[in-house]
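**Q** need a structure here:
(one chain, ligands or ions: 1)
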Amino acid sequence: MESYDVIVIGGGPSGSSTAAFLSKAGKKVILLDRAKFPRDKTCGDGISGSSVGVLKELGLLDKVKDIEHADMYGVTFSSPNGTIVPIPARRPDGSPPGFVCRREVFDNFLFQNAKSLCAKTLEGFFAEDFIRDGDMTTGIKGTYEGKPMEFQAKVVVCADGVAGMTARKLGVNNQAEDHQFAGIRAYYDNVEGMADRIEIHFIKDALPGYFWIFPLPGKKANVGLALLVSDVKKKKANLSNILNDTIAKNPVFKDRFANAKRISDLKSWLLPVNTRKPKAAGNGYVLVGDSASLIDPFMGEGIGNALTSGKLAAKTILQAFKENDFSEKSLSRYDAELNAAISRQVKLNYRLQRMATSAFLTDFLIGRAKKSKYVRDAITDSLLDSEDYTRLTDPLFPIKALFL
Ligand SMILES: Cc1cc2nc3c(=O)[nH]c(=O)nc-3n(C[C@H](O)[C@H](O)[C@H](O)COP(=O)(O)OP(=O)(O)OC[C@H]3O[C@@H](n4cnc5c(N)ncnc54)[C@H](O)[C@@H]3O)c2cc1C
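**A** Down below sits the predicted model:
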């Protein structure tokens with residue numbers, strides 16, 4: 001059996017970033033994925049401010065210019081009553097807060113970087129179960145080209161996403177249907193009226209989810225919407241019908257799509273949002289990204305937290321090697337750091353998500369953003385993932401937002 005310091009299962013943003021950070025620090029890492037890269041991942045393709053920070057730490061931000069993407073300088077919101085609020089944003093040095101990049105391109109960019117650093121990568125490896133020694137996880141077994149294969153390591157990093165096997169086998173992070181969104185997306189060509197901003201439209205049929213238009217180079221765009229899984233079931237909602245009707249009939253969008261053409265299949269996938277503290281570490285393993293259900297509960301943004309979790313998991317794993325202790329107690333430091341890094345924003349955004357179940361409150365919130373510079377600045381802070389992320393998390397924010 002081949003033996004490594006660390007096994008990473010899944011080469012998406014969470015796995016590729018964990019593998020890159022650990023390999024850069026000298027660990028012998030194997031990165032396994034069932035897919036062969038480049039591969040698609042159903043997503044809005046929005047790469048936010050928090051992602052940009054980790055890309056910089058990976059030494060990859062300067063290389064983004066070499067891959068196809070569209071820089072984004074802010075966001076446009078609209079509310080169910082049709083109020084539209086553009087919120088432009090740029091960093092103090094003039095650079096964009098984030099960008100839009102097809103996941104087929106972006107994930108391959110991250111995976112190839114990890115591949116250049118890891119001891120070994122294996123594409124087309126299907127992980128099936130953990131190998132255990134007592135209550136310690138000590139490896140992974142699976143199938144490669146139809147043959148069984150096993151790998152051993154001190155730590156297994158579970159980065160296999162919402163449909164992976166690791167969280168299921170561990171019996172953790174199984175989100176209830178009212179804590180998961182179902183999303184659908186397609187690519188369109190020739191969408192009119194796009195600016196260099198992502199667009200988030202709170203339409204009545206999707207609340208507390210939303211309809212999005214994320215511009216890509218040319219007049220192409222990633223277009224989609226997301227609804228709570230519990231609402232999809234309750235309302236017997238058909239995501240494709242809602243998307244098609246919004247584009248064809250909603251007065252805010254129908255003219256913009258009059259000459260647009262869908263250039264891909266409609267694809268749907270789950271978004272496990274972070275509303276309850278996830279279990280992210282145990283004896284000999286950690287969970288990162290969607291395996292730990294880390295998606296923002298309001299904006300649906302998961303790539304930033306996937307990359308952040310990869311960075312923090314790597315930091316804890318390196319410390320565990322120094323102490324030669326791979327127990328749950330040792331690896332739980334990652335759990336604590338992750339919680340400290342994202343819990344403020346998660347709590348706030350879960351509150352906003354709950355408010356957005358009401359069309360009346362959503363109209364009100366977007367209406368305030370239109371009138372109040374204070375509210376717009378607070379949103380800009382969050383887009384920039386500003387260190388000074390104080391306005392939105394200020395306990396007095398709801399009151400200040402009413403009067404300032
Ligand atoms: C419709 C939709 C829209 C979204 N829009 C956005 C957005 O605009 N911006 C944003 O930031 N986030 C968005 N998200 C969330 C984002 O896509 C995820 O949070 C992100 O992909 C998580 O990355 P990850 O690395 O944890 O998992 P993934 O990207 O899912 O990667 C998991 C990897 O594990 C591999 N794998 C799975 N099972 C196995 C196995 N058994 N053996 C080996 N390998 C395996 C898969 O092949 C895959 O490569 C969206 C999600 C959806 C569904």
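**Q** what about the helix or strand that contains S16, average pLDDT?
**A** S16 belongs to helix 13-24 when elements are defined using DSSP states H and E. Averaging pLDDT along helix 13-24 yields 98.
**Q** Over to stretch 335-354?
**A** 84.
**Q** likewise stretch 308-325?
**A** On average, the pLDDT along stretch 308-325 is 98.
**Q** List every C-alpha atom in it, with coordinates, as PDB.
**A** Taking C-alpha atoms only, stretch 308-325 is exported to PDB below (Å, rounded to 0.1, in the frame of the first residue of the first chain):
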ATOM      1  CA  THR A 308     -10.300  29.500   3.500                       C
ATOM      2  CA  SER A 309     -11.000  26.100   5.000                       C
ATOM      3  CA  GLY A 310      -8.200  24.600   2.900                       C
ATOM      4  CA  LYS A 311      -5.800  27.200   4.200                       C
ATOM      5  CA  LEU A 312      -6.800  26.700   7.800                       C
ATOM      6  CA  ALA A 313      -6.900  22.900   7.600                       C
ATOM      7  CA  ALA A 314      -3.400  22.900   6.200                       C
ATOM      8  CA  LYS A 315      -2.200  25.100   9.000                       C
ATOM      9  CA  THR A 316      -3.600  22.800  11.700                       C
ATOM     10  CA  ILE A 317      -2.300  19.700   9.900                       C
ATOM     11  CA  LEU A 318       1.200  21.100   9.800                       C
ATOM     12  CA  GLN A 319       1.000  21.800  13.500                       C
ATOM     13  CA  ALA A 320      -0.200  18.200  14.100                       C
ATOM     14  CA  PHE A 321       2.900  16.900  12.200                       C
ATOM     15  CA  LYS A 322       5.100  19.000  14.500                       C
ATOM     16  CA  GLU A 323       3.500  17.500  17.500                       C
ATOM     17  CA  ASN A 324       3.000  14.000  15.900                       C
ATOM     18  CA  ASP A 325      -0.600  14.100  17.100                       C
END
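**Q** Now it: buried residues?
**A** Using 16 or more other C-beta atoms under 10 Å as the test for burial, stretch 308-325 gives 308-318, 320-321. Heads up, the C-betas are built off the backbone N, CA and C, glycines and all.
**Q** That stretch vs the ligand: in contact?
**A** No. Applying C-beta under 6 Å from any ligand atom, one finds stretch 308-325 separated from the ligand by no less than 7.8 Å.
**Q** How about the contacts made by A20?
**A** 58, 110, 113-114, 117-118, 310 (C-beta atoms under 8 Å, 6 or more residues apart in numbering).
**Q** Go again with 10 Å.
**A** 8, 29, 31, 57-60, 110-111, 113-118, 310-311, 314 (C-beta atoms under 10 Å, 6 or more residues apart in numbering).
**Q** Are any of those buried, and if so which?
**A** Among those, those classed as buried by 16+ other C-beta under 10 Å are 8, 29, 31, 58, 60, 110-111, 113-115, 117-118, 310-311, 314.
**Q** Which two among the residues you listed are spaced furthest apart?
**A** Pairwise distances among these were taken by C-beta to C-beta; the largest, 18.5 Å, belongs to K115 and K311.
**Q** What separation is there between the residue found closest to I247 once you drop the neighbours it is linked to in the chain and the ligand?
**A** Excluding its sequence neighbours, the residue lying closest to I247 (C-beta to C-beta, 6 or more residues apart in numbering) is F257, at 4.5 Å. F257 is 19 Å from the ligand, where distance means C-beta to the nearest ligand atom, to the nearest Å.
**Q** Correct me if wrong, but F257 is in a helix.
**A** No. Counting by DSSP: H, G, I helix; E, B strand; the rest coil, F257 falls outside a helix, being coil.
**Q** does it really touch K219, like I thought?
**A** No. F257 is beyond contact range of K219, at 11.3 Å (criterion: C-beta atoms under 10 Å).
**Q** Of the two, which one has the most company?
**A** Ranked by neighbour count (other C-beta atoms under 10 Å), F257 and K219 place F257 first, with 22 against 15.
**Q** hang on, the earlier thing: intersection of neighbour lists for F257 and K219?
**A** Taking C-beta under 10 Å, 6+ apart as the criterion, F257 and K219 both touch 188, 190-193.
**Q** Spatially, which two of those are the most separated?
**A** Maximum distance among the shared contacts of F257 and K219 (C-beta to C-beta): 12.5 Å, for Y188 and G193.
**Q** between those two, which one's more packed in?
**A** Y188 (20 against 12).
**Q** which residues touch that one?
**A** Counted by C-beta under 10 Å, 6+ apart, Y188 has contacts 213, 216, 219-223, 247, 256-257, 260-264.
**Q** Could you look up the SS state of it?
**A** Taking three-state DSSP, the label given to Y188 is strand.
**Q** partner residues bridging it?
**A** In this entry, Y188 is beta-bridged to A221, R262, by DSSP bridges.
**Q** State the distance from it to the ligand.
**A** In this view, Y188 and the ligand are 15 Å apart by C-beta to the nearest ligand atom.
**Q** Show me the shaky parts of the stretch 151-300 of the chain.
**A** Regions of the stretch 151-300 of the chain meeting the criterion pLDDT under 70 are absent.
**Q** Near the ligand, which residues of it? Just list them.
**A** Residues of the stretch 151-300 of the chain lying near the ligand (C-beta under 6 Å from any ligand atom): 159-161, 164-165, 183, 185, 224, 226, 269, 271, 289-290, 295, 300.
**Q** ok, which pair from those residues is furthest apart?
**A** M165 and G224 (26.4 Å).
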